[in-house]
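Visitor: coordinates for the following, if possible.
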Amino acid sequence: MESGSPKTRSAKRLRPQAAGRRIAASGRRGSGVKTKEEASGQRESRSRRMEAVRAHPVAELLECPAAIGLMLNGSAQSLSFAAGEVVFRQSDPCQGLYLVVSGRFLRQTERLQTQLTLSPARAGNLLELAAVLGDGRHAYTLTAQTAGSVLMLPNEALCQAFQSYTPLRMRLLEELAREVCRAYYTCCLSRAVNPRRGSSTG
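Guide: Prediction:
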């Protein structure tokens with residue numbers, strides 16, 4: 001009760017018009033209605049994130065020369081998705097590599113008529129190395145859990161990069177091997193934890 005008293009005293013000193021404006025402003029904030037300034041700020045923030053991904057660093061991300069990175073950046077397609085939208089489906093032809101810029105995406109695959117949920121994809125994740133370097137088919141279905149965006153590096157540009165800079169394919173194969181190892185470790189860990197839970201409940 002004592003902590004509320006200073007607020008009461010300061011409120012009494014406000015002119016009625018000022019108090020009314022302050023209450024109206026706080027009501028707008030509480031209702032979730034965004035002002036034009038807030039909406040503009042969010043658009044600028046998204047634009048800065050997209051420009052940051054475009055400007056750097058496919059060259060750094062893929063560890064390739066700057067000229068190759070610029071070529072890949074120039075060919076990259078920016079794709080936005082609402083929550084619930086499918087980015088690509090399992091077994092469909094893969095169009096290229098996908099770099100998650102913002103949002104959270106769900107990966108699901110079907111094996112032996114059983115649907116499995118894989119680890120989620122977040123900003124900074126590079127997706128579909130196996131498809132690009134392998135049989136060219138998506139290994140899982142990717143769905144947006146929240147509104148988000150990705151950059152897609154088309155296969156044509158990647159093939160050109162592989163021809164111009166041969167170590168790039170090997171580096172991507174090494175990254176794919178690390179990705180498989182991480183997935184295997186996560187799978188083994190979950191299998192080790194689940195029996196313990198079952199025995200503790202029993």
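
Visitor: pLDDT score assigned to L151?
Guide: If you check L151, the pLDDT there is 92.

Visitor: could you confirm it falls within a strand?
Guide: Yes. Under DSSP: H, G, I helix; E, B strand; the rest coil, L151 falls within a strand.

Visitor: neighbours of it, how many?
Guide: Applying other C-beta atoms under 10 Å, we find 21 residues neighbouring L151. Every residue, glycine included, has its C-beta placed from N, CA and C.

Visitor: does it really touch S75, like I thought?
Guide: No. L151 is not in contact with S75 according to C-beta atoms under 8 Å; the separation is 10.1 Å.

Visitor: which stretches of this structure form helices?
Guide: Assigned by DSSP state H, the helices in the chain fall at 5-13, 16-31, 36-55, 58-61, 66-75, 129-133, 155-164, 167-201.

Visitor: this structure - how does it break down into domains?
Guide: 2-31, 45-193 (automatic domain parsing).

Visitor: can you flag the weakest of the ones you listed by average pLDDT?
Guide: Minimum mean pLDDT among those: domain 2-31, a mean of 44.

Visitor: wouldn't L173 be in contact with L133 here?
Guide: Yes. At 6.1 Å, L173 counts as touching L133 under the criterion of C-beta under 8 Å.

Visitor: report the contact partners of Q108.
Guide: When contacts are counted by C-beta atoms under 8 Å, 6 or more residues apart in numbering, Q108 touches Q90, Q115, L116, T117, L118, Y140, T141, T143.

Visitor: in strands only, show me those.
Guide: Under the assignment DSSP state E, these contribute Q115, L116, T117, T141, T143 to strands.
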